[in-house]
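Student: Kindly generate the corresponding structure for this input.
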Amino acid sequence: MSSLVTIKDIAKKLGVSTALVSVILSGKGREKRFSQETIEKVHNIASEMGYRPNKQARSLRTRKSGLLALIVPDISNPFFGRMARYLEDEAYNHGYQLLIGNFDEEVGKFDRLIDRFIGMKIEGFLLVPASNSQKIIEQIEKINLPYIFLDRYLKEKRSNFIVSDNIEASRLLIQSIVNQGAKKISVITYSGDSSAHNDRIKGYKQAMLQNGLDCQQNMVFRFNKDFKLENMRETIKYITGEKQEGIFFTNNSLGIAGLKILGQMNYKIPDDIKIACFDYSDAFQLFQGGIWCAEQDLYTICSLSFKTLIKMIKDEKTEMQFSVPVKIIEPKNLSL
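Tutor: The predicted structure follows:
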């Protein structure tokens, strides 16, 4: 039979009212005290006729679309690609469909994606927020649409969020290369006002101060999202020319680019310079014995974020501001 079979068609086949069929197919048969025999008969005939529920019509009645939206800065970044996959699986397992948007670290594009998804009647947002997007978030709050931040938060908004423990993990990374002999350590990070990168710099400063070391602001180098390898080359030339003994990269995209340049310049790691990088990449396996890195527990971040959002959708009172511990991986564990 065609997928265009309606409740009316099923009722006619059974010789019963459309109301009876509608109640049973909506899962309320037992609640309305229909017999198990009647319930099974309706479901069996519906299956035989190839009935499929009209989700659009149902969403208009219940105001439940079954849609959630995830907005990330860069889906081509393996970290956010894996995040999208984890959350898509969670959504599917809970009967939802996940829509995904990419804003390229542009607050204007972030705003447009928010508007577009609201127009699609989504039930909730999973957001890696753009910097300076608090006014946009206030639009979501005005219509009482549930949302949760993950990976980052906005310091201007007291909202639910699940992030990595960026400060403590970065402090431990810096301490690790200090223990290996690095005293003069530079940082290569992104420009902008991302809470994740800002917290990683806080962790760097904490470790330096705890060891009585100088953390000069002019040794923190900021790159825009479209940086070229030549930009990295010039920065590393300057860092090595200043006799810096270590470099801390605040994410693996920067780290991989930096390691490529250091290799081209024939620097041996860790003999010539100590390296620490936030997050993990398989590419680090090419530098056995030399790189300290922090591996984020992305599964836990996604799982907690999704569960929290579902509670909010169900109007359960929920307060969740949680930093997930990060695993520090020693160089000896980076083996081929």
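Student: In the stretch 201-336 of the chain, mark out all the strands, start to finish.
Tutor: 220-223, 246-249, 274-278, 291-295, 321-324, 327-329 (DSSP state E, counting those that start in this stretch).
Student: now those strands in JSON lines, with mean neighbour count and distance to residue 49?
Tutor: The C-beta positions use only the backbone N, C-alpha and C, and glycine is treated the same way. Formatted as JSON lines, the strands of the stretch 201-336 of the chain follow (neighbours: other Cβ atoms under 10 Å; distance: least, Cβ to Cβ, whole Å):
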{"stretch": "strand 220-223", "mean neighbour count": "17", "distance to residue 49": "60"}
{"stretch": "strand 246-249", "mean neighbour count": "26", "distance to residue 49": "60"}
{"stretch": "strand 274-278", "mean neighbour count": "27", "distance to residue 49": "56"}
{"stretch": "strand 291-295", "mean neighbour count": "24", "distance to residue 49": "52"}
{"stretch": "strand 321-324", "mean neighbour count": "16", "distance to residue 49": "48"}
{"stretch": "strand 327-329", "mean neighbour count": "16", "distance to residue 49": "53"}
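Student: Test my guess that residue 188 contacts residue 244.
Tutor: No - Residue 188 is not in contact with residue 244 according to Cβ atoms under 8 Å; the separation is 10.9 Å.
Student: ok, the two, which is more surrounded?
Tutor: Ranked by neighbour count (other Cβ atoms under 10 Å), residue 188 and residue 244 place residue 188 first, with 24 against 18.
Student: Residue 14: which of the strands of the stretch 201-336 of the chain is closest?
Tutor: For residue 14, the closest of the strands of the stretch 201-336 of the chain is strand 321-324, at 51.1 Å, according to Cβ to Cβ.
Student: Which strands or helices does the closest one pack on?
Tutor: Other elements packing on strand 321-324 under the criterion 3 or more Cβ pairs under 8 Å, 6 or more residues apart in numbering; DSSP states H and E are strand 161-164, helix 298-313.
Student: just these: most buried one?
Tutor: strand 161-164 (a mean of 24; mean count of other Cβ atoms under 10 Å).
Student: what are the pairing partners of that one, and which direction each?
Tutor: Here strand 161-164 is paired, per DSSP bridges, with strand 147-150 (parallel), strand 321-324 (parallel).
Student: And for it, what's in contact with it?
Tutor: Strand 161-164 is contacted by residues 148-153, 195-196, 296-297, 301, 304-305, 308, 320-324, 326 when judged by Cβ atoms under 8 Å, 6 or more residues apart in numbering.
Student: what's the average pLDDT for it?
Tutor: What strand 161-164 shows for mean pLDDT is 97.
Student: Please tell me how far it is from the chain's geometric centre.
Tutor: 9 Å (Cα atoms, centre = their mean, to the nearest Å).
Student: Then stretch 154-167?
Tutor: 12 Å.
Student: Next, the buried residues of that stretch.
Tutor: 154, 159-167 (16 or more other Cβ atoms under 10 Å).
Student: Save these as TSV, and put in distance to residue 292 too.
Tutor: As requested, the buried residues of stretch 154-167 are exported to TSV (distance: Cβ to Cβ, whole Å):
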residue	distance to residue 292
154	30
159	32
160	32
161	27
162	25
163	21
164	16
165	16
166	15
167	16
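Student: From these, pick the one nearest residue 22.
Tutor: residue 160 (36.4 Å).
Student: Contacts only, for that closest one.
Tutor: 147-149, 308, 312, 318-321.
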